[in-house]
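here is my input; please provide its structure:
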Amino acid sequence: MIIRRPTWTARVPWFSIAVLGTIAAGGAATWWFTVERGAITGPGFPLDDAWIHLQFARNVAEGHGYSFNPGVPSSGSTAPLWTLLLALPLALGLGPIDAGVVLGQLFHWLTALATYVLTLRLTASRWAALLAGCAVVLTPRLVWAGLSGMEVPLYACLVTSALACYVTAIAGGGRWTAAWGALIGLAGWARPETFLLVPLLFLHWGWTYVMAERRPRGALVAPALCLAVIAAFVTFNFVIGGRPLPNTFYAKTYGMGTALSLIEGRPMDALEDVAKYPMQFLEHVVRWQSTQLVGLFGGTLAGLLALLGVLGHKAPPGGRLIVAVLLTMPIFKALGAPEPPILVHDGRYVAHLLVLAVVVAAAGFHALQQLATIKWLIPMLAVATLGQLGAASVRGAKVFAAEVRNINDLQLVTARWVRDVTAPDARVATNDIGAIAYIAGRFIVDTEGLVTPEAIKPKRARKLLPFLEAQRPDLLVIFPEWYPELSARTDVLTEVRRFSAERVIAGGRSLVVYRMPWSRPEALRLDAPSPRP
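Now for the predicted structure:
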């Protein structure tokens, strides 16, 4: 008998290296983002929306239920799982910004580890898997996500973990059979757009296990778990908001989309949408991925061919599914809900597709290495792409810092002034509800309808004044360009304060505060000085 000694790669603790490598790379990128932010502004978030989650989470932590205005149930959070998770550190006494950053960093790193596992399952290459994991923690937009206080790293982590478990399951890993169903269902709790993955996974699962007559024990458990988690999501929204989806969906879609147009009996609108949006969205996502991943994206074409079984060996289990997810999700989003646009806030709603593009690119580098004559050349090129991503993160840190300063100088300053000039029982109508609600602590009337559903129809009809008169807020705080018909009513609205900041990411340059004829004098003290940024 010939005893073969294991190669050096078999003795390398690859998973430990992946853990340490992603922590080191991610820690360096996060540190630099924090340094750049600290050079120009205080702690904060690059979007006012992070404060919306925190307002919901604080009410949960303080026993006011799942509500935005304390004690008033609302399904105005698109990501209830993220909101509920945020309530935990708040209940333990952690500050709001620290709570958002700590959770974001945790799930950002877990996304990198899930990416490592998924890439390893698809390629059986540890160096390609390590490349993918490190790329995730260095990609500028994903670093931004980990510090944004938003749900982005949570749903990216859940989708990537679900796909890693799915690929493991169809390759014969029986103990992972049920996990993917629960994880993809939970991903929808963190970002409802990820529910679009479910039909694709179910079709692929059925093809693999029914048509191919591979029916292991428990094959129906994963789909059943997935459906149960989705049913819980629908029930939750019905109980809280009276509709199957979060109220944000109805406030933001504007009745657009092929599916919604068909349901509402508008076939011509449906045809117009199907002709306009699907290819446009796919093109936008591909272009966005190429700019975010820099040199790494060069391996994507080779990765697509390798996962399809065209380049090199046959397609790995689940490889074609990953390609299908990457290419069809922008199209499904276009057909279902083209508003808000797919790249709003530079891809906040499709970060999981950026992670999958990293996986495909790593698979491409691995396939090219298998075909190359000089085997070490491709891994060295892959390492160089990590350097490019690091350089891109240095530039991305400046953008992040400018966005945080914009929100701090505009929304937070306005919120502190509102807190100082209003009585505790004052009602404030505004289109930017996050920081004003959290910092000022006043009852909010949401002119966009996210947490005030009654505003949706008047907003779309551009007839907000009768709505405001019925709600009778003491102050109105808006970007005037969002409501030209309303802001033009100087016979009703009296401007009392204007807060301006250089616009980077906020909805406008100036938030303008108005008093109305029904504003209660006892609820206002409008001579208070402006707070410092």
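
test my guess that residue 105 contacts residue 145.
No: contact criterion Cβ atoms under 8 Å: residue 105 and residue 145 do not qualify, at 10.2 Å. All C-beta atoms are positioned from the backbone trio N, CA, C, and that covers glycine.

more neighbours, the two?
residue 145 (28 against 18; other Cβ atoms under 10 Å).

now do the helices in the stretch 301-450 of the chain.
319-336, 351-371, 377-407, 413-421, 434-435 (DSSP state H, counting those that start in this stretch).

in the third one, which residues are buried?
Yep, that's helix 377-407 we're talking about. 378-379, 381-382, 385-386, 389-390, 392-393, 396-397, 399-407 (16 or more other Cβ atoms under 10 Å).

okay, the helices of the stretch 301-450 of the chain in CSV with distance to residue 18 and mean pLDDT next?
Formatted as CSV, these follow (distance: least, Cβ to Cβ, whole Å; pLDDT from 0 to 100):
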stretch, distance to residue 18, mean pLDDT
helix 319-336, 19, 90
helix 351-371, 12, 94
helix 377-407, 14, 92
helix 413-421, 42, 96
helix 434-435, 36, 96
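
distance to residue 287 added to those, as a markdown table?
Below are the helices of the stretch 301-450 of the chain laid out as a markdown table (distance: least, Cβ to Cβ, whole Å):
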| stretch | distance to residue 287 |
| --- | --- |
| helix 319-336 | 11 |
| helix 351-371 | 12 |
| helix 377-407 | 15 |
| helix 413-421 | 35 |
| helix 434-435 | 30 |
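
spatially nearest residue to residue 136 (excluding sequence neighbours)?
residue 112 (4.3 Å; Cβ to Cβ, 6 or more residues apart in numbering).

what's near enough to touch that neighbour?
When contacts are counted by Cβ atoms under 8 Å, 6 or more residues apart in numbering, residue 112 touches 22, 26, 133, 134, 136, 137.

mind pulling up the pLDDT for the nearest residue to residue 482 once chain neighbours are set aside?
Distance criterion Cβ to Cβ, 6+ apart; nearest residue to residue 482, sequence neighbours excluded, is residue 431 at 5.8 Å. The model reports residue 431 with a pLDDT of 95.

look at residue 431 and say how many residues are nearby.
Residue 431 has 23 nearby residues by other Cβ under 10 Å.

wait, it sits on residue 512?
No: using Cβ under 8 Å, residue 431 is not in contact with residue 512, being 10.9 Å away.

shared neighbours, those two?
Joint contacts of residue 431 and residue 512 (Cβ under 8 Å, 6+ apart) are 477, 478, 479.

out of the residues you listed, which is most surrounded?
Of the shared contacts of residue 431 and residue 512, with other Cβ under 10 Å as the count, residue 477 tops at 26 neighbours.

let me see the contact set for it.
So residue 477 contacts 414, 418, 428, 429, 430, 431, 432, 436, 511, 512, 513, 514 (Cβ under 8 Å, 6+ apart).

and what of residue 247?
Here residue 247 is in contact with 74, 75, 76, 241, 449, 450, 451, 453 (Cβ under 8 Å, 6+ apart).

state the pLDDT value of it.
Predicted confidence (pLDDT) for residue 247: 88.

phi and psi next, for the spatially most central residue of the chain.
Geometric centre of the chain, nearest residue: residue 152, 3.1 Å, by Cα atoms, centre = their mean. For residue 152, the backbone dihedrals are phi -60, psi -50 (criterion: degrees, to the nearest 10).

now residue 478
Dihedral angles (degrees, to the nearest 10) for residue 478: phi -140, psi 160.

am I right that it is in contact with residue 487?
Yes: Residue 478 lies in contact with residue 487 (Cβ under 8 Å); the separation is 7.1 Å.

okay, and the common contacts of those two?
Between them, residue 478 and residue 487 share the contacting residues residue 512, judged by Cβ under 8 Å, 6+ apart.

and the contacts of stretch 297-316?
Contacts for stretch 297-316 (Cβ under 8 Å, 6+ apart): 121-124, 167, 171, 289-290, 293, 319-320, 322-323, 326, 357, 359-368, 370-371, 382, 385.

try 7 Å
122, 289-290, 319-320, 322-323, 357, 360-365, 367-368, 370-371 (Cβ atoms under 7 Å, 6 or more residues apart in numbering).

restricted to buried residues, select those residues in PyMOL.
Entered in PyMOL, the line below selects the buried ones among the contacts of stretch 297-316, by 16+ other Cβ under 10 Å:
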select buried, resi 122+289+319+322+323+357+360+361+362+363+364+365+367+368
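
quick one: residue 462 from residue 353, how far?
34 Å (Cβ to Cβ, to the nearest Å).

these two: which has the busier surroundings?
Higher neighbour count among residue 462 and residue 353: residue 353, with 23 against 11, using other Cβ under 10 Å.

if we can go back for a sec, can you put the contacts of residue 477 in TSV and add distance to residue 62?
What follows is these, written out as TSV (distance: Cβ to Cβ, whole Å):
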residue	distance to residue 62
414	24
418	20
428	20
429	24
430	22
431	26
432	23
436	18
511	27
512	31
513	28
514	31
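
now, these that are in strands?
428, 429, 430, 511, 512, 513, 514 (DSSP state E).

now distance to residue 38 and neighbour count too, for the residues you listed, in TSV please.
Shown next, in TSV, are those (distance: Cβ to Cβ, whole Å; neighbours: other Cβ atoms under 10 Å):
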residue	distance to residue 38	neighbour count
428	31	24
429	34	25
430	29	28
511	25	27
512	30	20
513	30	22
514	35	23
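
what's the most distant pair in the contacts of residue 112?
The distance between the two most remote of the contacts of residue 112 (Cβ to Cβ) is 9.3 Å, for 26 and 133.

looking at these two, which one has more neighbours?
Comparing residue 26 with residue 133 by neighbour count (other Cβ under 10 Å), the higher total belongs to residue 133, at 31 against 23.

which helices and strands does the helix or strand harbouring that one pack with?
Per DSSP states H and E, residue 133 falls inside helix 126-138. Judged by 3 or more Cβ pairs under 7 Å, 6 or more residues apart in numbering; DSSP states H and E, helix 126-138 is in contact with helix 14-40, helix 96-123, helix 351-371, helix 377-407.

JSON lines for those helices, including distance to residue 62?
Output for the helices and strands packed on helix 126-138, formatted as JSON lines (distance: least, Cβ to Cβ, whole Å):
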{"stretch": "helix 14-40", "distance to residue 62": "29"}
{"stretch": "helix 96-123", "distance to residue 62": "13"}
{"stretch": "helix 351-371", "distance to residue 62": "30"}
{"stretch": "helix 377-407", "distance to residue 62": "24"}
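
looking at these, spot the one closest to residue 522.
That would be helix 96-123 among the helices and strands packed on helix 126-138, by Cβ to Cβ, at 30.1 Å.

mean confidence for stretch 182-198?
Mean predicted lDDT for stretch 182-198 stands at 95.
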